[in-house]
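**Q** Below: sequence and its predicted model.
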Amino acid sequence: MELRHLRYFVVVAEEGHFTRAAQRLSMQQPPLSQQIRALEQELGFDLFRRHPKGAELTAGGVVFLQEAKAILDGVEQGAARAARAASGSAGNISVGFTSSAAAHPIIPQIMRSYRAAWPGVTLEFREGNAAELTDALSAATLDIAFLRLPVSQPPGIHFKRLLEEEMLLVLPVGHPLLRKHTGRSMPTISLKSLKDEQFILVRRRGAPGMYSNLIDACVRAGFTPNITVEVERMLTNISLVAAGAGISAVPASMKGFHEDAVVYCHIQEAGPDLNAPLTMACRDGETKATVRHFMDEAARFSRPGKAKKSKRQ
């Protein structure tokens, strides 16, 4: 049974006449009659009672007309849904992010912009560390990931750096290094003055790039940092600093968390290697239109270049 047979049948049923139906279908009446007869033979019962004035549906024809219309409507709706998916105007995207990446204001801006441009696409979200998100991309259980520095670069995964921002030290309120600072501007602290401090950092597997870059900067300043606590998420860093468990360093966009209990400080010796990039990761050769549109939208917010000192005081 072919879809065209169903369409022929529906038109004949609506017209109640083979000749008028043939005209409507832009075909000759004899071939139309032959196609309907072939459909009846396949079904095993008559669809029409033919008479000199036209054709009338049989009891079986009445029921089959409802089914034929439902099938044709389903095919039409399915084709429309498929077309929307192919164009990227419908479907779903799974987006992952690390806690520190999600804290940057560019992430909600990208989400809002994409939702406005493609309201028919559903966004699903997942949080994890950089290693977990990269693994999920490789396993095709995630479409897009936002992270800081890649922890690995497996084949088939593309990393696009969207921007770079300053790394800030986080000290608890009342820390001795803050006694000399009385102004309203953000303090600037030398790494050399931190040699006796207890550091709270994200585990190497979660963020080896910024972690190791900070350690290297401390070594260049003349000491190896005393890392007393390692955590999974950067937000935990700040909470522990607020609790007086040590000091830490985070991207500038995280400034604002626990501001009543911590003080964010510029790093005096911050060089080009001591910064916090924001990176978008996806699969090479992505074919899903929804994902490609999301990547294009995110690229509009890209501000590649050197990290700048935070203007938020």
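**A** Thanks, I have it. This is a predicted model, so every value here is computed, not measured.

**Q** what bits of the stretch 51-200 of the chain have low per-residue confidence?
**A** 84, 87, 183 (pLDDT under 70).

**Q** What is the burial count for the nearest residue to residue 188 once chain neighbours are set aside?
**A** Excluding the flanking residues, the one nearest residue 188 by Cβ to Cβ, 6 or more residues apart in numbering is residue 266, at 4.2 Å. The way it works is simple: take the backbone N, C-alpha and C, and place the C-beta from them, glycine included. Residue 266 has 17 neighbouring residues, counting by other Cβ atoms under 10 Å.

**Q** Check residue 44 too.
**A** Neighbours of residue 44 (other Cβ under 10 Å): 7.

**Q** Could you pull up phi and psi at it?
**A** For residue 44, the backbone dihedrals (degrees, to the nearest 10) come out as phi 90, psi 10.

**Q** Check it and give its pLDDT.
**A** Note for residue 44: predicted pLDDT of 91.

**Q** Strands of the stretch 1-150 of the chain, start to end?
**A** For the stretch 1-150 of the chain, the strands defined by DSSP state E, counting those that start in this stretch cover 48-51, 54-57, 91-97, 121-127, 144-147.

**Q** Can you check the distance spanned by stretch 116-129, start to finish?
**A** With Cα to Cα, to the nearest Å as the measure, stretch 116-129 spans 28 Å from end to end.

**Q** any idea whether the residue nearest to residue 188 is helix, strand or coil?
**A** At residue 266 the chain is in strand, as set by DSSP: H, G, I helix; E, B strand; the rest coil.

**Q** Let me know the pLDDT of it.
**A** In this prediction, residue 266 carries a pLDDT score of 93.

**Q** That one against residue 187, yeah?
**A** Yes. The pair residue 266 / residue 187 is scored as a contact, 7.0 Å apart, by Cβ atoms under 8 Å.

**Q** Show me which strand runs longest in the protein.
**A** Secondary structure of the chain per DSSP state E: the longest strand is strand 157-172.

**Q** elements contacting that strand?
**A** helix 130-138, helix 234-242, strand 248-251, strand 262-267, strand 275-283, helix 289-299 (3 or more Cβ pairs under 8 Å, 6 or more residues apart in numbering; DSSP states H and E).

**Q** Could you give the average pLDDT over the third one?
**A** Strand 248-251 shows a mean pLDDT of 92 in the predicted model.

**Q** ok, the closest residue to residue 103 other than its chain neighbours - how many residues close by?
**A** Excluding its sequence neighbours, the residue lying closest to residue 103 (Cβ to Cβ, 6+ apart) is residue 254, at 4.7 Å. By other Cβ under 10 Å, 23 other residues sit near residue 254.

**Q** dump the residue contacts of residue 37.
**A** By Cβ atoms under 8 Å, 6 or more residues apart in numbering, no residues touch residue 37.

**Q** mind checking how far it is from residue 294?
**A** Going from residue 37 to residue 294 by Cβ to Cβ, to the nearest Å gives 53 Å.

**Q** now swap in residue 222 and tell me
**A** With distances taken as Cβ to Cβ, residue 222 is found 45 Å from residue 294.

**Q** what about these two, which has more around it?
**A** residue 294 (27 against 9).

**Q** how much space between the more buried one and residue 126?
**A** Plainly put, residue 294 is 15 Å away from residue 126 if you go by Cβ to Cβ.

**Q** check contacts around the residue sitting nearest the centre point of the chain.
**A** By Cα atoms, centre = their mean, the chain has its centre lying nearest to residue 95, at 2.9 Å. Residues counted as contacts of residue 95 (Cβ under 8 Å, 6+ apart) are 111, 123-126, 142-146, 294.

**Q** let's see it at 6 Å
**A** Taking Cβ atoms under 6 Å, 6 or more residues apart in numbering, we find residue 95 in contact with 123, 125, 144.

**Q** Kindly give a single ChimeraX line that selects the buried subset of these.
**A** Restricted to buried positions by 16 or more other Cβ atoms under 10 Å, the ChimeraX selection for these reads:
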select :123,144
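
**Q** In TSV, list the contacts of residue 95 along with distance to residue 133.
**A** Listed next are these as TSV, based on distance: Cβ to Cβ, whole Å:
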residue	distance to residue 133
123	15
125	12
144	9
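
**Q** Out of the contacts of residue 95, which is nearest to residue 298?
**A** Closest to residue 298 out of the contacts of residue 95 is residue 144 (7.7 Å), distances taken as Cβ to Cβ.

**Q** Now that closest one: closest residue in space that isn't a chain neighbour?
**A** Distance criterion Cβ to Cβ, 6+ apart; nearest residue to residue 144, sequence neighbours excluded, is residue 95 at 4.9 Å.

**Q** so what's that neighbour bridging to?
**A** Note on residue 95: beta-bridge partners by DSSP bridges are residue 125, residue 144.
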